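[1] need coordinates for the below:
(chains A, B, C and D)
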Amino acid sequence: MEMSFPVDMNLPINLFTILDMILLSMLVVVAIAIVRLTNLFSVVMLFGVYSLLAATWFVSLDAVDVAFTEAAVGAGISTVLMLGAMLLTSRTALPTTPLRHWTALLVVTATGVALFYATYDMPMFGDANSPANSYVGLEYMTRTITDISVPNVVTAVLASYRGFDTFGEVVVVLTAGFGVMLILGIDGAKSVSEDSELAGEKEKPTKKSSVVAEAIKSPSNHHVVLGVIAKMLIPLIVVYALYVHFHGDYGPGGGFQAGVIFASAVILYSLIFGMDETRRAVPPGLVRFCSILGVLIYGGLGLVTIIMGGKFLDYNMLDTHDTIHAQHVGILIIELGVLVTVAGVMLSIYYGFAGRYRDLKDQNW
Amino acid sequence: MIFFISLLITLSMALILARLLRGPQLYDRVLAVNSFGTKTVLFLCLFSFLINRPDGVDIAILYALMNFIGTIAILKFFRYRSLDIALSDMAPREYAAGEDK
Amino acid sequence: MIEWGVWLDLARHGLAGAMMLAGACFMLIGSIGVLRLPDFYARIHAAGITDTLATIFLLGGMVVESGLTQTSAKLALVGMLLFLTSPTATHAVANAAHKAGLKPRLGTIAPPHPRDREDG
Amino acid sequence: MRYLGVRYIIALIIVLVTLWLVLSGYFNKPLLLWLGSASVIFTIILTIRMRIIDNESVPYFNLFRMVPYLVWLVVEIWKSTIIISATILRPDMVLTPRLIRVKTLPSSGFGRALFANSITLTPGTVSIDLDDDEVIVHTLLKEMTNRGDFAEMARRCAIAAGEKEPAF
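    Predicted structure coming up:
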């Protein structure tokens, strides 16, 4: 992109520093507010804002991939999942009284001071001689073009040089998904009755509140606007997710982000058209199967490379004549595995939460 | 110039943040979050000019979508205490005659 | 010929800068309104300024600035998405508040200072 | 009903391919183009499963009627933004909020969504609720409660939504 405004790099104080300062101070304000507020609704919203700010700041640090993840996960899906978690808990946090946690304060202060002290030893931002930029990092940066030939080094490191680490991450995601499923029940809606005493309710939780009952009775034309706009958006979001997925080599993005975005499209569908319809269109069994399938694809590729005579996840074995092509194919396949697992796990967790109701009166909010 | 404009946008973000923290109603907060999201999207577009990386626009697109989904989720949960029910029965209507039967 | 090109370029940048500046100013006005107006339903209108005219101006300015490139197309896409989502979200907020029984203040409001700041 | 669906599917394919090309920008990489086609096909399958392909999700047939409407809308937005901005910035701000009911002319879902969103997009008026044939609108200033203006907007929305032929 041709840029014609002169970017003032020669001013005494770097202008980006000012923007960074503003963003960071807003981050601090939001963080303090999150700690101070007791209304969990507000806290969930503030978490969203926090993610927005953090991701903007990541962009300014030129960490576009991280910003992408933060935007997809923090601002989008974790809001929904935290709301789902709120179905199982109370509306406000217990207020903590100050002056009772002297030890905590002491620990926090000591840690803070130590961290501040440690910053003096940290390399300057963008320092070419810092450890992160010298040994392995530098080698990855220089070798990516000849080895793999993709413009985005992050993807090269993540998917090829460090493919094994990423495999571990995908397994962690799957394990976390299993954990949540075990707590919530495989299909969340069925296990509601066990949680009724947790929510402190007398009547059967499957009995829907008056508001909900009214809404089900007349799934009215009141929400025409939402319905129409969601219908227009959902195909666009899905294509966007796949774009993000397949352009991980060229720009920010990749399987993790794309999986989350894809899950968000399905979540938008379920928000507007209801869980019954969603379970029909995207069956929970399929979702669970997908979350495992992704890991199998990833690990399976590793086994294939071993069978073909290489090491685990050594993509060069896929096409010994044209290793760059082999690397591309390998990255494509394991990113597909990541996408499938992440989308599957996110949706499984969402399905676990979404079938629940809270019967609360309007004035309680 | 672009820097000055981004500064103005961050200023208005800060003002919205004040409304977000002050409330008083939860709806005010939702409105503020939504408005904050729009501002962030525009700020990111502008910022990608400033740092000369068009990738920022991709993130802005993502934000515009995620912000919407988050807001709708908050409102739906707020209204119905549930993420389960259908807000609109429009999906099946068009296809019911053609596909299932 | 070269002269012409230079002048045209300058005019383009000038136009882009002016549009972006106007957009940022409208955005600021909207934020001031969100802070200043006395009532939730009134604040929606102020937030609307940000969603509409500020967006048009800022994105329009950026499109003019970057010319006929892929970035402009993406910026136009951002604009389209914002135009789809932001009024819908606003409508949803207003609808939720209305359904939950939050009453708007009607009639004539001429406040020296908004006084509805009991809780924060 | 079925071949109507096919019409919308083709339109959606065109839109999605355009979106992919705009986003991607790589026209010379065959691999990416293949992946793009695969993505579009996957999306179409998913949307068919979700049963959301109809004239509301693919309202791109009346694009040529939308463009003049959007131009008109931007002019309206400009006019009312100036009024609202002046109101906000005045130190002795006087507001005259009203809650009014406006009749909706458009009968299709898309036309009504367009109408409601146009009302919301115009600063000074926010659509709060849609009933069968009425929108509840909150207006900030009483100059904006003119029913003639709303009727004009509703008429233009109906035209822009292509409601010459009977709605589905």
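
[2] I figured residue B:73 hits residue A:79, correct?
    Yes: counting by CB atoms under 8 Å, residue B:73 touches residue A:79, with 6.1 Å between them. The C-beta positions use only the backbone N, C-alpha and C, and glycine is treated the same way.

[3] quick one: low-confidence ranges for the chain?
    All of this is about chain A. Counting by pLDDT under 70, the low-confidence segments of chain A come to A:1-13, A:89-100, A:125-126, A:132-133, A:186-222, A:355-365.

[4] switch to chain C, please.
    Those would be C:1-2, C:110-120, if you go by pLDDT under 70 across chain C.

[5] longest helix of it?
    helix C:2-36 (DSSP state H).

[6] packing partners of that one?
    Helix C:2-36 sits against helix B:2-22, helix B:26-50, helix C:40-49, helix C:55-66, helix D:63-89, with contacts defined as 3 or more CB pairs under 8 Å, 6 or more residues apart in numbering or on different chains; DSSP states H and E.

[7] format those as TSV; extra columns: distance to chain A and mean neighbour count.
    As requested, the helices and strands packed on helix C:2-36 are arranged in TSV below (distance: least, CB to the nearest CB, whole Å; neighbours: other CB atoms under 10 Å in any protein chain shown):
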stretch	distance to chain A	mean neighbour count
helix B:2-22	5	21
helix B:26-50	5	26
helix C:40-49	15	27
helix C:55-66	6	24
helix D:63-89	13	16
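
[8] show me how the chain divides into domains.
    Looking at chain A here, since you left the chain open. Following automatic domain parsing, one finds the domains of chain A at A:12-89+A:129-134, A:158-365.

[9] switch to chain D, please.
    Split by automatic domain parsing, chain D gives D:2-50, D:63-160.

[10] and the most centrally placed residue in chain B, what is it in contact with?
    Nearest residue to the geometric centre of chain B (CA atoms, centre = their mean): residue B:67, 2.6 Å. With contact set as CB atoms under 8 Å, 6 or more residues apart in numbering or on different chains, residue B:67 has these partners: A:48, A:52, A:75, A:76, B:34, B:37, B:38, B:40, B:41, C:85, C:89.

[11] would you mark the buried spots in stretch D:151-160?
    Within stretch D:151-160, the residues scored as buried using 16 or more other CB atoms under 10 Å in any protein chain shown are D:153, D:154, D:156, D:157, D:158, D:159, D:160.

[12] helix/strand/coil for residue D:128?
    strand (DSSP: H, G, I helix; E, B strand; the rest coil).

[13] contacts only, for it.
    C:91, C:94, C:95, C:98, D:99, D:135, D:136, D:137, D:138.

[14] those residues also near chain B: which ones?
    The subset of these within reach of chain B, by CB under 8 Å from any CB of the partner chain, is residue C:95.

[15] tell me which two of the contacts of residue D:128 sit farthest apart.
    C:91 and D:99 (14.8 Å; CB to CB).

[16] which of those two has more neighbours?
    residue C:91 (27 against 15; other CB atoms under 10 Å in any protein chain shown).

[17] ok so, going back, between the domains of chain A, which one is closest to chain D.
    Smallest distance to chain D across these (CB to the nearest CB): 3.6 Å, for domain A:158-365.

[18] quick one: residue D:52 and residue A:231 touch, right?
    Yes: under the criterion of CB under 8 Å, residue D:52 makes contact with residue A:231 at 4.6 Å.

[19] state the helix or strand in which the nearest residue to residue A:74 once chain neighbours are set aside lies.
    Nearest in space to residue A:74, with sequence neighbours left out and distances taken as CB to CB, 6 or more residues apart in numbering or on different chains, is residue A:51 at 2.6 Å. Using DSSP states H and E, residue A:51 sits in helix A:40-60.

[20] so how far is that helix off the chain centroid?
    Centroid separation between helix A:40-60 and its chain, computed with CA atoms, centre = their mean, to the nearest Å, is 13 Å.

[21] helices and strands around that helix, which ones?
    Applying 3+ CB pairs under 8 Å, 6+ apart, we find helix A:40-60 packed against helix A:15-36, helix A:64-69, helix A:78-86, helix B:2-22, helix B:26-50, helix B:55-80.

[22] any residue of the fourth one touching chain D?
    This points to helix B:2-22. No: if you take CB under 8 Å from any CB as the test, helix B:2-22 misses chain D, and the best it gets is 12.1 Å.

[23] is that helix anywhere near chain C?
    Yes: on the criterion CB under 8 Å from any CB, helix B:2-22 is in touch with chain C at B:2, B:4-5, B:8-9, B:11-13, B:15-16, B:18-19, B:21-22.

[24] export those to CSV and append columns for pLDDT.
    Shown next, in CSV, are those (pLDDT from 0 to 100):
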residue, pLDDT
B:2, 80
B:4, 86
B:5, 88
B:8, 90
B:9, 90
B:11, 90
B:12, 91
B:13, 90
B:15, 90
B:16, 90
B:18, 89
B:19, 88
B:21, 86
B:22, 83
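
[25] report all helices and strands that the helix or strand where residue C:82 lies contacts.
    Assigned by DSSP H and E, residue C:82 falls within helix C:70-99. When contacts are defined as 3+ CB pairs under 8 Å, 6+ apart, helix C:70-99 packs onto helix A:224-246, helix B:26-50, helix B:55-80, helix C:40-49, helix C:55-66, helix D:2-24, helix D:109-121, strand D:125-130.

[26] for these, give me CSV that also has distance to residue A:114.
    Listed next are the helices and strands packed on helix C:70-99 as CSV, based on distance: least, CB to CB, whole Å:
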stretch, distance to residue A:114
helix A:224-246, 39
helix B:26-50, 33
helix B:55-80, 34
helix C:40-49, 43
helix C:55-66, 43
helix D:2-24, 45
helix D:109-121, 52
strand D:125-130, 52
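
[27] go through the ones you listed and name the closest to residue A:58.
    Residue A:58 lies closest, by CB to CB, to one member of the helices and strands packed on helix C:70-99: helix B:55-80, at 9.1 Å.

[28] from the chain's centroid, how far away is that closest one?
    4 Å.

[29] what number of residues are in the vicinity of the spatially closest residue to residue A:16 that is not a sequence neighbour?
    Closest residue to residue A:16 apart from its sequence neighbours, by CB to CB, 6+ apart: residue A:60 at 6.2 Å. For residue A:60, the neighbour count with other CB under 10 Å is 20.

[30] distance check, the residue nearest the centre of chain D against residue C:37.
    Closest to where the C-alpha atoms of chain D average out (CA atoms, centre = their mean) is residue D:114, at 3.8 Å. Distance of residue D:114 to residue C:37, given as CB to CB, to the nearest Å: 27 Å.

[31] ditto for residue D:38
    Note on residue D:38: its distance to residue C:37, by CB to CB, is 50 Å.
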